[in-house]
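> Here is a sequence together with a model predicted from it:
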Amino acid sequence: MRLAALGLSHETNTFSRVPADYAQFEASGILRGEEVAQRHGTAQSTMAGYLEAGERLGVEVVPLLFASTGPCGTITRDAFERIVGEMLERLGQAGPWDGVLLAQHGAAVADGFPDADGEVAARVRRAVGPDVPVGMSLDMHGNLSERMVANTTVTNVYLTNPHLDARARGLDCAGLIVRAVRQEIRPVQALETPPVVINIVKQFTGEEPMKGLMTDAMAAAARPGMLSASVAEGYPYADVAEMGMACLAVHDGDAAQARAAARWLAGRAWERRDAFVGDVLSVEEALQRAAAAPRGPVVLMDVGDNVGGGSPADSTFLLAAAQAMEVRRYLQTLYDPAAVQACVAAGVGETLSLAVGAKTDDMHGRPVSVTGRVRLLADGKFEDPRPTHGGQRFFNAGTSAVLETTDGHTLVLTSRRLGNTSIEQMYSLGIWPERYGVVVAKGVVSPRPAYEPIAAEIILVNTPGVTTADLGFFTYRHRRRPLYPFEPEATYP
């Protein structure tokens, strides 16, 4: 048995002004053939789960191409056509196939293709024909569509946020495809999309309301004949018709049972709709609480600069307030290639004054003037073998500088956008976050595996930006209506 493994994975923030062009994907690495196995073979990603399936199930999984880049704006038409075109070319040249495994995200938007993941699935389906089983494992932040489901045999979604089960869910999906190829099962899928948006600050599956809903998903999956059940939290920063949560059920042969399970899950979610509305502290409230804490570190989640959601990684709202409020023993990262080059030019041990951060756009604050000593320069590459959000193992922040400022702040300046999903980013630079009073993590849920073990307290902060918790900040033109809580009169039967 031969299974093709390939994918184009992107979480598209349609409000971001940074386009996902071909150069962005190239910089992150468009992996071909054995390069896929080299990068993902020992990782915890979806693709790693597909590769593991080959070893466990005694089938040949052939990695063809995998392209991804950090969350940012809409994928350009050129990038989409070039990458998907190469995917299909490799799929055709190396076939025929018994099955196909797609490593997509679920919230990709491309110029001309608002449902880019559905478009990829449709093109792959046309390429291999109606009878070849196609599997797709998606991120919990996917905005699932009927087109995705119609063009796959099995689709599943991660069950954890932070996403620590990407490899396991990839393995599950591949296992069902192998069984379908062997004609041991006849998967039928049902998708329900209740009209509700889950605020990003309510998406942690380790606590309510999502914890209970994931328990419901496991109960649905345990019904007789069920093969899989998933809940997608949705991605509120993609202005598309499918934006919002979704419930997906896969049954062995009985479409009515699949539909009943999906509708039951959707109904359970609808009952919790009021609990999905965000409520977060302001910048000043969060810093005051952190400064008054009896012990540290207090980790502040910078919601509006959630790099994993498409923000630019250079918001300065927290830094500016910490400076004004004279908060000391403070640690954070900032994407600022120009400031890094200034530190490189000055050299280790030298003191300089410069303006840092807020250089991508005008939505994430203003540059903050600081004076500090360059403590360290590094290439920004590090590795984390522990479970991380999304399963990534190898990281690259680009040339990085550690700046110790006269305000009592430690700033890690990077040349590439990178979320704070691995504490090894700090350890690799000789920084011990445990010794600080306040640590800023640019994210909402994704930094938890890295920082929860050392945090005295974690506080979500409602900063402005393209991933702010205040969804009223955005002008949506394409989302479905009515949608709760935007339209309180929304109903679900």
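Yep, that arrived.

> Just want to check the distance between Val461 and Ala232.
According to C-beta to C-beta, to the nearest Å, Val461 and Ala232 sit 26 Å apart. (Glycine included, C-beta is placed from N, CA and C.)

> Same question for Ala320.
Taking C-beta to C-beta, one finds Ala320 at 36 Å from Ala232.

> what does Ile83 give?
23 Å.

> do Ala238 as well
Going from Ala238 to Ala232 by C-beta to C-beta gives 12 Å.

> of these two, who's got more company?
Comparing Ala238 with Ala232 by neighbour count (other C-beta atoms under 10 Å), the higher total belongs to Ala238, at 30 against 26.

> sec struct for that one, please.
Three-state call for Ala238 (DSSP: H, G, I helix; E, B strand; the rest coil): coil.

> Could you double-check that it sits in contact with Ala107?
Yes: with contact defined as C-beta atoms under 8 Å, Ala238 reaches Ala107; the gap is 5.3 Å.

> anything in contact with each of the two?
12, 143 (C-beta atoms under 8 Å, 6 or more residues apart in numbering).

> what ranges do the strands span in the stretch 351-493 of the chain?
Ranges of strands within the stretch 351-493 of the chain are 351-356, 368-378, 381-383, 394-396, 400-405, 409-414, 438-441, 457-461, based on DSSP state E, counting those that start in this stretch.

> among the ones you listed, which is nearest Val181?
strand 394-396 (31.8 Å; C-beta to C-beta).

> what's the average pLDDT for that closest one?
In this model, strand 394-396 carries a mean pLDDT of 94.

> quick one: terminal-to-terminal distance for stretch 279-297?
End-to-end span of stretch 279-297 (C-alpha to C-alpha, to the nearest Å): 23 Å.

> now do stretch 455-467
End-to-end for stretch 455-467, by C-alpha to C-alpha: 23 Å.

> go on, stretch 64-79?
OK, stretch 64-79 end separation, C-alpha to C-alpha: 18 Å.

> so for it, what's the average pLDDT?
96.

> Buried residues in that stretch, which are they?
By neighbour count on 16 or more other C-beta atoms under 10 Å, the buried set for stretch 64-79 is 64-76, 79.

> can you pull the contacts of His10?
Neighbours of His10 in contact, by C-beta under 8 Å, 6+ apart: 20, 68-69, 71, 75, 105, 107-108, 116.

> In strands, which of those fall?
Here DSSP state E is the test, and these give Ser68 as lying in strands.

> Could I get the full set of strands for the stretch 201-350 of the chain?
226-232, 246-252, 298-302, 330-335.

> Now do stretch 259-276: distance to the chain's middle.
23 Å (C-alpha atoms, centre = their mean, to the nearest Å).

> oh sorry, the question was meant for stretch 52-62
26 Å.

> Which positions in that stretch come out as buried?
52-54, 57, 59, 61-62.
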